[in-house]
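Enquirer: Here is the input, now give the coordinates:
(one chain, ligands or ions: 1)
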Amino acid sequence: MIEVRDLAKHYRVHRRQPGLAASLRSLVRREHVTVRAVERVSFTISAGEVVGFLGPNGAGKTTTLKCLTGLLHPTAGAVRVLGHTPHRRESAFLRRISLVMGQRNGLFWDLPAADAFEVNRAVYGIAEGPYRAALDELVDLLGLAELLGRQVRVLSLGERMRCELAGALLHRPDVLFLDEPTLGLDVNGQAAVRAFLRDYNDRHGATVLLTSHYMGDVTALARRVLVVDRGTLRFDGDLAALVEAHSPHRLVRVTLRAPVPAATWAGLGEPVTVDGAVVTLAVPRAETAAVAGRLLATLPVEDVAIEDPPIEEIIRAVFAHA
Ligand SMILES: Nc1ncnc2c1ncn2[C@@H]1O[C@H](COP(=O)(O)OP(=O)(O)OP(=O)(O)O)[C@@H](O)[C@H]1O
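Expert: Alright, predicted model coming up:
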């Protein structure tokens, strides 16, 4: 479905030193540097998979998505999506994919949403029947009924994002590339987009590659993650395996009926936070069940909860090892 082999994308950029003299000099003698945005990245994604694409700012995520959608011509390597070479931008390819970028507008700004959708219908040449069916479904799933008559430019960010998703899915793409689809949305907006994407994928089984800085998006939608840093792939596998490999500890949060002396925790775990009678211990992963059992047996426990450290922390650990 998606095959990427040794993908590289380098940008040649003009380097300018600060200052007027340097600016004048650069008019006659230009200095260039090569930015290796993506360097020998390989992965394959099967039909119907939802994959999270993670990495810090500037890691090369957007550049990779642009190579996969044909907006950029790779410097080296081979990319195949649905059997097509993306940068050829064949219409048979473009009709089967969609790219949604959280920070860009895909819909006509000055038109009411319903008319902006009509433009997409014309662009993709969608027949009346399938168009109606797709639109009705998307209006229902995304709660767009009240927004259809409003100009795209007056919509709130969350409303516009829901319309962007509808516009991108009217032609029922088989592969969906999402670049920060919840960027800037409040908690409710993020939840609505996540719920929609999950629901939509259950119904249609689209293949999805998703970048996001909100780990909630990734944990809610993707089982598998690709982690990139400075243009190279650092991890490709299950999110659960990533957590296990890079977080030797789990957090055991114990709520007691009354506070206990600090010495109590010796041999059980490392107290991370102590808030009166609520204590969070970092406990080696393999010992969590035994420690929870000892806590329950020996202390006046009201509640015990076991969880993994926040995924942000785990990703930081991946980069620290890299
Ligand atoms: N058109 C361009 N010309 C020159 N350099 C570029 C261009 N586009 C991106 N870069 C550089 O390539 C690198 C990778 O950028 P890219 O946008 O792919 O990262 P990203 O992982 O998507 O980051 P973010 O999370 O901040 O969106 C960065 O160093 C960036 O400055």
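
Enquirer: can you map out the helices along the stretch 201-322 of the chain?
Expert: For the stretch 201-322 of the chain, the helices defined by DSSP state H, counting those that start in this stretch cover 215-221, 239-246, 288-298, 311-321.

Enquirer: Buried residues, stretch 78-86. List them.
Expert: Using 16 or more other Cβ atoms under 10 Å as the test for burial, stretch 78-86 gives 79, 81-82, 84, 86. Bear in mind the C-beta positions are built from the backbone N, C-alpha and C, glycine included.

Enquirer: Stretch 98-117 too?
Expert: Buried-residue list, stretch 98-117, by 16+ other Cβ under 10 Å: 98-102, 106-108, 112-113, 116-117.

Enquirer: Restricted to helices, list those residues.
Expert: Among those, DSSP state H puts 113, 116-117 in helices.

Enquirer: Now distance to Leu138 and pLDDT too, for those, in TSV please.
Expert: Putting these into TSV (distance: Cβ to Cβ, whole Å; pLDDT from 0 to 100) gives the following:
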residue	distance to Leu138	pLDDT
Ala113	11	94
Ala116	13	94
Phe117	9	95
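
Enquirer: and of these, the nearest to the ligand?
Expert: Ala116 (25.5 Å; Cβ to the nearest ligand atom).

Enquirer: List the contacts of that closest one.
Expert: With contact set as Cβ atoms under 8 Å, 6 or more residues apart in numbering, Ala116 has these partners: 107-108, 152, 163, 167.

Enquirer: rerun at 7 Å
Expert: Contacts of Ala116 were listed using Cβ atoms under 7 Å, 6 or more residues apart in numbering, and they are 107-108, 152, 167.

Enquirer: Including distance to Pro271 and mean neighbour count, could the helices of the stretch 201-322 of the chain go into a markdown table?
Expert: A markdown table is the format used below for the helices of the stretch 201-322 of the chain (distance: least, Cβ to Cβ, whole Å; neighbours: other Cβ atoms under 10 Å):
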| stretch | distance to Pro271 | mean neighbour count |
| --- | --- | --- |
| helix 215-221 | 25 | 19 |
| helix 239-246 | 22 | 17 |
| helix 288-298 | 12 | 14 |
| helix 311-321 | 17 | 15 |
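
Enquirer: how about those, which one is nearest Thr232?
Expert: Evaluated over the helices of the stretch 201-322 of the chain, closeness to Thr232 peaks at helix 311-321, with 11.6 Å, by Cβ to Cβ.

Enquirer: Would you mind writing the CA trace of that closest one as CSV?
Expert: Only the C-alpha atoms of helix 311-321 are listed here, as CSV (Å, rounded to 0.1, in the frame of the first residue of the first chain):
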residue,chain,number,x,y,z
ILE,A,311,4.0,9.1,26.4
GLU,A,312,5.7,12.5,26.0
GLU,A,313,8.2,11.4,28.6
ILE,A,314,8.8,8.1,26.7
ILE,A,315,9.3,9.9,23.4
ARG,A,316,11.9,12.2,25.1
ALA,A,317,13.7,9.0,26.3
VAL,A,318,13.8,7.7,22.7
PHE,A,319,15.5,10.9,21.6
ALA,A,320,17.8,10.9,24.5
HIS,A,321,19.0,7.4,23.5
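
Enquirer: and that helix, average pLDDT?
Expert: Mean pLDDT, helix 311-321: 74.

Enquirer: Just want the angle from it to helix 239-246.
Expert: 50 degrees (axes from the mean of the first three to the mean of the last three Cα atoms, to 10 degrees).

Enquirer: Please identify the buried residues of stretch 148-167?
Expert: Buried-residue list, stretch 148-167, by 16+ other Cβ under 10 Å: 148, 150, 152, 155, 158-167.

Enquirer: How is this structure partitioned into domains?
Expert: 2-243, 248-321 (automatic domain parsing).

Enquirer: Flag every residue of the protein that's near the ligand.
Expert: Residues of the chain lying close to the ligand by Cβ under 6 Å from any ligand atom are 11, 13, 35, 37, 55, 57-63.
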